[in-house]
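Asks: Structure for this input, please:
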Amino acid sequence: MGVHLNCGVYIEELMSACGPICRTIKFEKAHVSLVKSDNSELLIRIKPANGSRKCLGYKVSNPKFFTRFMREGKSTISLKAVPVNIMLRNCPPDTLQVFLYNIKAQWTHLKSLDSKRSVSEKETSLSLLDEVSPMRNGPPSESFASPKAELFPRPELSPIHVKGPHSEAAYSGSGVCSSTPVRNPRRNAKLAVRVLSLGVDMDKTFSHVLLDWQGGNALKNGMIEQARVIDSVKMGVNVFCTGGAGTGKSHLLRKLAGILSPSETAIVASTGLAASLIGGITVHAFSGVGHMLDLEDLEDLSPSWLESVTTRVVSDPRTTARWRGVRRIIIDEVSMISSRVFTRFEAIARIALGKCDEKMPFGGIQIIAFGDFFQLPPVLPSSAAYIVSLGLANCLHIQIKKKFAFQSSVWRACRFQCFELQTSWRQSCDVNFFHLLNEVREGRSPQWVLEALRSRLCKQADRRKKSALTTTRTRLCTHRRDADSFNEQLLNSLPGTMRVFEKKDTGPKNLITESFSAIPDTIKLKVGAQVMLLRNLDVSRGLVNGVRGVVEGFTPPSEGGFPVVRFFVPPAVASPPSEKSVVVQPERWTANFGRGVTGKEVQVTRLQLPLCLAWAISIHRSQGITLDSVEVDLSKVFEYGQAYVALSRCRSLGGLHLLSWQTDFIRVDRRVTKFYRRIRDQSDANLN
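Replies: Here you go, the predicted structure:
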């Protein structure tokens, strides 16, 4: 069976190739496919979903594709020979990418053939023609008439699809805001860590996507973990996907986002930083009530809170339209959402859907949650002193007792199917370090773990080895203010003129604050400043989120005065290791609100350099980033899971450098341990 789209279609039939429009046709939902007629002509067939109208067919000849908004599920196919413009919307982005490439590849192949099959006396009806199966080649970026060729990149490898012993890097998708790609592991015969292979040349196929549409198991040859998650999502059940750092959660999330309908799928995260990495928005922004989710009260759903929130939601048509337009919500970093926020988020769903009296959680919306409760926990909004000053001692007790989302009654009502990913991709080149991190993750500190970590303590002299135009180790700090102070100190110590780059925002200010809190308002740079890339620019060259570099200079004022950065691409991304000098220009971050059938879409944007100073970053900001050389300061550890998050950013033990170490840095909340014991027991029971 061929690749097809179920999406919205708007057709413009033209008088001539550059002439006026003579007819327009609109389908809210249609089945769009590529078929071949009896005389071997390629046709784009559009079949209305409701069957009220006949199929439409348009001959493919020298097709042009416009893919600027492809990651939003939108594209236009221009057939000048017909002539017609076919505008597609609400397409699963990955499916759309393969569908467009298949049209181009099939037409190019057909054009090269001289002979044509003879036509039978009675031609087959358009509706009965078979769909054309996709060709097994990757889409060359030059094949598309896109404003930017890189918007249609080469097919990307998934961390759950490894090509072979000498595979290139596994790059992540480059959406509006994407997270760090999980790198493809180097092979070593002595390693016991699971490294999986399909045994096919994934550089030249879309197998990791095509299997989904062809009805087969999405991921074969032992890739059971991810296949079960995808299959459960397709079945419509609520899913919780967890796993240690570097096990491919973010990549799997992006894969799901790529095969699901954009208009029916909301992608949210607990924090602005996490949202920016996956191209989503925060839970607070999507809810429509902002920080009302965090308001202090004796009860999570007190009558006064419900009354004020109901008034707010019902009176805002954009909020109700947004909720009513989605069928599923993907939540990233659910482990950083408190029990109170999760409970209230669910209540808002039923209020917006007009289903307050129904017992079905989230009013029937499917929930797909990703996170690791062994990592950073939720941040409670109020201090104990503040709560006590209000005379709400019971409120403090309730919040501490019910800190995590899994402690909410809503979590239990969702009846999640739980999956824990076990395969390491970040530390696959160092199996001993992978096992060490597993011990730290669950709060265990056997002697061999302590000895290995003590061996990574830095000597004082080593800490002072720095050079202006070479990258140094990135320091991870427990507090953001310590990282900012360290960066400012080193920036001021550099000679030369300071360059300041201010953000440019469009849209309502309150929505901008909610959406782009992780993107700096102001960036100060000098020649010699160590920086980190905040989003994927060119995955084929290794210019991905988390890659570090040094500012070598700035372009002339007539060319914008933008920084020229020499990035150091590690061997996991480019083999052999390479250095690439790139002019870094401002990038546009986008968030959409009010998405729905009746709601008017509101878009907010931020234009800013995708850089931050990277001599030091906070442990919180480091989530989702892979580093090759890390300097960790744990002297002020104050939270469960903080040490584990910091240590697990590094790809190998050899790249880890500790400024301080004590046994009590390894901390885990007993409630988390108990929760994971329960879901693992349930998983074992289901397998048996």
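
Asks: contacts, neighbours, all on C-alpha from now
Replies: OK.

Asks: what's the spacing between the strand or helix carrying Arg475 and its chain's center?
Replies: If you go by DSSP states H and E, Arg475 is part of strand 474-477. What separates the centre of strand 474-477 from the centre of its chain is 24 Å, taken as CA atoms, centre = their mean, to the nearest Å.

Asks: And the average pLDDT for it is what?
Replies: Average pLDDT, strand 474-477: 89.

Asks: Show me what the helix or strand immediately after that strand in the chain is packed against.
Replies: On the C-terminal side of strand 474-477, the nearest following helix or strand under DSSP H and E is helix 480-493. Here helix 480-493 touches strand 474-477, strand 616-618, going by 3 or more CA pairs under 8 Å, 6 or more residues apart in numbering; DSSP states H and E.

Asks: Let's see that with 10 Å instead.
Replies: Judged by 3 or more CA pairs under 10 Å, 6 or more residues apart in numbering; DSSP states H and E, helix 480-493 is in contact with strand 474-477, strand 522-525, strand 530-533, strand 611-613, strand 616-618.

Asks: Those strands: which one's closest to Lys54?
Replies: Nearest of these to Lys54, taken as CA to CA: strand 530-533 at 50.5 Å.

Asks: What would that closest one look like as CSV? C-alpha coordinates only.
Replies: Included here for strand 530-533 are C-alpha records, laid out as CSV according to Å, rounded to 0.1, in the frame of the first residue of the first chain:
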residue,chain,number,x,y,z
GLN,A,530,32.2,30.3,24.7
VAL,A,531,28.6,29.6,23.6
MET,A,532,26.1,26.8,23.1
LEU,A,533,23.6,26.3,20.3
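
Asks: who does the very next helix or strand once past it pair up with?
Replies: Next along the chain after strand 530-533, taking DSSP H and E as the criterion, comes strand 548-554. Under the criterion DSSP bridges, strand 548-554 sits next to strand 530-533 (antiparallel), strand 563-569 (antiparallel) in its sheet.

Asks: average pLDDT for stretch 436-443?
Replies: Per-residue scores along stretch 436-443 average to 92.

Asks: looking at the strands paired with strand 548-554, which is buried most?
Replies: strand 530-533 (a mean of 26; mean count of other CA atoms under 10 Å).

Asks: So which residues make contact with that strand?
Replies: Identification of contacts with strand 530-533 by CA atoms under 10 Å, 6 or more residues apart in numbering yields 180, 468-474, 487, 490-491, 525, 543-552, 565-567, 584, 609-617.

Asks: rerun at 6 Å
Replies: Residues outside strand 530-533 that contact it (CA atoms under 6 Å, 6 or more residues apart in numbering) are 545-550, 610-615.

Asks: Stretch 358-366 too?
Replies: 238, 327-328, 346, 349-350.

Asks: again with stretch 659-674
Replies: In contact with stretch 659-674 (CA under 6 Å, 6+ apart) are residues 443, 457-458, 632-633, 640.

Asks: I'd like those residues as JSON lines, with distance to Cys356 and neighbour count appended.
Replies: Formatted as JSON lines, the contacts of stretch 659-674 follow (distance: CA to CA, whole Å; neighbours: other CA atoms under 10 Å):
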{"residue": "Gly443", "distance to Cys356": "41", "neighbour count": "21"}
{"residue": "Leu457", "distance to Cys356": "56", "neighbour count": "16"}
{"residue": "Cys458", "distance to Cys356": "57", "neighbour count": "16"}
{"residue": "Val632", "distance to Cys356": "48", "neighbour count": "26"}
{"residue": "Asp633", "distance to Cys356": "48", "neighbour count": "22"}
{"residue": "Tyr640", "distance to Cys356": "36", "neighbour count": "20"}
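
Asks: Now tell me which of these the prediction trusts least.
Replies: For those, the pLDDT minimum is Cys458, 81.

Asks: on that earlier part again, would JSON lines of the contacts of stretch 659-674 with secondary structure and distance to Asn85 be doable?
Replies: Formatted as JSON lines, the contacts of stretch 659-674 follow (DSSP: H, G, I helix; E, B strand; the rest coil; distance: CA to CA, whole Å):
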{"residue": "Gly443", "secondary structure": "coil", "distance to Asn85": "59"}
{"residue": "Leu457", "secondary structure": "strand", "distance to Asn85": "63"}
{"residue": "Cys458", "secondary structure": "coil", "distance to Asn85": "63"}
{"residue": "Val632", "secondary structure": "strand", "distance to Asn85": "55"}
{"residue": "Asp633", "secondary structure": "strand", "distance to Asn85": "58"}
{"residue": "Tyr640", "secondary structure": "coil", "distance to Asn85": "56"}
